[in-house]
Every structure is written in structure tokens, then in C-alpha cells.
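[1] A predicted structure for the sequence below; I have some questions about it.
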Amino acid sequence: MLTMGVDIGSTACKCIIMEDGQEIKARAVVPLGTGTQGSRTVFEAALTKAGKTREEIERILVTGYGRFTFCLLYTSPSPRDATLSR
């Protein structure tokens with residue numbers, strides 16, 4: 001199972017993709033925070049590095065100041081389970 005973690009901060013966005021909670025498949029950091037294209041950029045960079053598509057990601061955890069803006073990345077299809085951390 002592929003899991004993605006995204007942290008959308010005020011000045012930077014970070015993303016990691018893990019397989020079965022054990023192996024890091026990709027990670028990315030961009031110096032763009034919430035209110036910019038940072039979340040989309042870091043999301044796409046991590047997917048590219050992992051050689052995966054968004055349809056292959058089964059779980060997503062989003063944290064940080066801009067966590068509520070992340071749902072804008074998903075129009076269709078959406079991940080099976082996306083969680084926003086408080």
C-alpha cells in the first residue's frame with residue numbers, strides 16, 4: 001500500500017511517499033507555502049520521483065497551516081482515504 005504524507009506550511013511544502021509504512025519511495029520539499037502552487041508542486045514532484053500516479057496512492061495524511069487547501073488538488077479521482085490532521 002502506498003501512503004503519502006504532505007505538510008503544507010506557511011513558507012514551504014514537504015511530501016513523502018512510503019510503501020507499506022516501511023520503505024520511503026520518494027520525498028520532496030519546495031520553498032513555497034500555502035496560498036501558492038507549493039502544495040501542487042511538491043505533490044507532483046514526489047509522484048514523479050516515485051514513478052507513481054495519484055491513483056496509486058491509497059492513503060494521504062495532510063498536516064500544516066495550509067492543510068485545508070489540499071483538497072483542491074483532488075477533483076477526480078480522489079484517494080480512497082484522505083485525512084487532515086488538526
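    It's in.
[2] am I right that Val29 is in contact with Lys14?
    Yes. In this structure, Val29 is within contact of Lys14 by Cβ atoms under 8 Å, at 4.9 Å. Where C-beta positions appear, they are placed from N, C-alpha and C, glycine not excepted.
[3] with neighbour numbers in mind, choose between those two.
    Taking neighbours as other Cβ atoms under 10 Å, Val29 and Lys14 compare with Lys14 leading, 18 against 15.
[4] which residues sit against the one helix or strand that one maps to?
    In the assignment (DSSP states H and E), Lys14 maps to strand 13-19. The list of residues contacting strand 13-19 from outside it, by Cβ atoms under 8 Å, 6 or more residues apart in numbering, reads 1-7, 24-30, 32-34, 38-39, 41-43, 45-47, 49-50, 52, 57, 64, 66.
[5] neighbouring strands - and their directions - for the helix or strand following it?
    Later in the chain than strand 13-19, the nearest helix or strand by DSSP H and E is strand 23-30. Looking at strand 23-30 with DSSP bridges, its partner strands are strand 13-19 (antiparallel).
[6] where in this protein is pLDDT low?
    Regions of the chain meeting the criterion pLDDT under 70 cover residues 72-86.
[7] let me see the ranges of the strands in it.
    For the chain, applying DSSP state E gives strands covering 2-8, 13-19, 23-30, 57-63, 81-84.
[8] and the second one with strand 2-8, angle?
    Computed by axes from the mean of the first three to the mean of the last three Cα atoms, to 10 degrees, the angle separating strand 13-19 from strand 2-8 equals 170 degrees.
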